[in-house]
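>>> this one's sequence-less:
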């Protein structure tokens, strides 16, 4: 008989958390775990392996609502699910962790959680941090996705956590590259840059735009930004005001970004905080030169403290513009960094890290 697990993720979106969710749920489902996904986004069911059941409220009205209402609806659904289930399954919270922990403990259910963003990106409110610290310590087990994250988490919240890297599915990338459309990906005789991430304050695309603006008059450069979000108008206005329309394109959400990454010369991440950013793993696997902010947490770990790519201070658009404009002069150094990343990519092996997830679940189920 299969062991039972409820994956709690009220809002399924288009980011790195979801990429890992699809990979991990498939692996667990294939290795003796019966999975139910509790979410409001039943429209995403086709992204999951067949045999994985969806529970919770299914209503198209909720699909594009904000996280707050999705959290509330899903927490109510979780409460009634646990209240009416005799043999309570293990809960694995991918979102709204402390609220899910509270519901689970009220109803005497086991719960494990996955945190995916560095503590520095959370609320600076003292009361909220105290509440988080209290509730997260009620969870039966907690995991994070980078060693630096683990250290910060244990220091801030005084509890031991498990570190499991994001499992990287090479076959998915290879398949996605075969399925590319016939669109123009690369601008000839230009240095081609790509940035992938939601258009939010966290991703700080404005720093990237400022760096391009600084070198636009004396350097042939093209930048494609892939992602959607609330800062789209802000970024569009900056592009227009600084006459960057021929240099920068906002592509919006792209279901298959891998051909864009593959054709690029440089992949740039300008985030103010992360967990273990998938875009850097994807770029490293595709042997791209990476420039990233040295934000907490993940980039420094992936880029081996600058040996497998270049790190800049958060918001330092001048250093970013220098690194971009000196690309051709530093090709030998850059190739060495790319090769270092390639040699150390085994850390994110699919089977190695999926097996750690399976062990993490089996230990608690």
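That came through fine. Please read these numbers as outputs of a predicted model, since none were measured by experiment.
>>> care to break this protein down by domain?
3-167+349-364, 183-347 (automatic domain parsing).
>>> now those domains in TSV, with mean pLDDT and distance to residue 176?
No exception for glycine: its C-beta is placed from N, CA and C like everyone else's. Shown next, in TSV, are these (pLDDT from 0 to 100; distance: least, C-beta to C-beta, whole Å):
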stretch	mean pLDDT	distance to residue 176
domain 3-167+349-364	92	11
domain 183-347	95	4
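>>> and those domains as CSV, adding mean neighbour count and distance to residue 174?
Output for the domains of the chain, formatted as CSV (neighbours: other C-beta atoms under 10 Å; distance: least, C-beta to C-beta, whole Å):
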stretch, mean neighbour count, distance to residue 174
domain 3-167+349-364, 18, 12
domain 183-347, 18, 9
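>>> out of the ones you listed, nearest to residue 177?
Residue 177 lies closest, by C-beta to C-beta, to one member of these: domain 183-347, at 5.3 Å.
>>> hmm, who's touching the helix or strand encompassing residue 4?
Following DSSP states H and E, one finds residue 4 within strand 3-8. Outside strand 3-8, the residues that touch it by C-beta atoms under 8 Å, 6 or more residues apart in numbering are 21, 25, 28, 32-38, 55, 74, 78, 81, 87, 89-96, 100, 361-362, 365.
>>> that one: partners in the sheet, and parallel or antiparallel?
Each strand paired with strand 3-8, and its direction, by DSSP bridges: strand 33-38 (parallel), strand 90-93 (parallel).
>>> which residues of the stretch 201-350 of the chain fall in strands?
221-226, 248-252, 266-269, 289-293, 310-312 (DSSP state E, counting those that start in this stretch).
>>> CSV for these, including distance to residue 332?
Formatted as CSV, the strands of the stretch 201-350 of the chain follow (distance: least, C-beta to C-beta, whole Å):
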stretch, distance to residue 332
strand 221-226, 21
strand 248-252, 29
strand 266-269, 16
strand 289-293, 12
strand 310-312, 14
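>>> out of these, nearest to residue 258?
strand 221-226 (10.6 Å).
>>> my read: residue 302 touches residue 282, true?
No: with contact defined as C-beta atoms under 8 Å, residue 302 does not reach residue 282; the gap is 10.7 Å.
>>> endpoints of stretch 178-190, how far apart?
End-to-end distance of stretch 178-190 (C-alpha to C-alpha, to the nearest Å): 25 Å.
>>> typed the wrong thing, it's stretch 143-161
End-to-end span of stretch 143-161 (C-alpha to C-alpha): 5 Å.
>>> and the contacts of that stretch?
20, 112-116, 118-120, 129, 132-133, 136-137, 142, 162-166, 275-276, 296-298, 300-301, 360.
>>> now the strand holding residue 4, how far from the centre of its chain.
Distance of strand 3-8 from its chain centroid, counting by C-alpha atoms, centre = their mean, to the nearest Å, is 22 Å.
>>> show me the contacts for residue 187.
Applying C-beta under 8 Å, 6+ apart to residue 187 gives the contacts residue 222.
>>> Three-state assignment for it, please.
Put simply, residue 187 is coil when judged by DSSP: H, G, I helix; E, B strand; the rest coil.
>>> how near is it to residue 359?
Separation of residue 187 from residue 359 (C-beta to C-beta, to the nearest Å): 46 Å.
>>> what about the strands in the stretch 51-200 of the chain?
53-55, 90-93, 111-114, 141-144, 162-163, 191-196.
>>> ok, residue 217 to residue 94 distance?
In terms of C-beta to C-beta, residue 217 sits 46 Å off from residue 94.
>>> list phi and psi for the closest residue to residue 311 other than its chain neighbours.
Among residues not flanking residue 311 along the chain, residue 294 sits closest, at 4.1 Å (C-beta to C-beta, 6 or more residues apart in numbering). Per-residue torsions, residue 294: phi -90, psi 60 (degrees, to the nearest 10).
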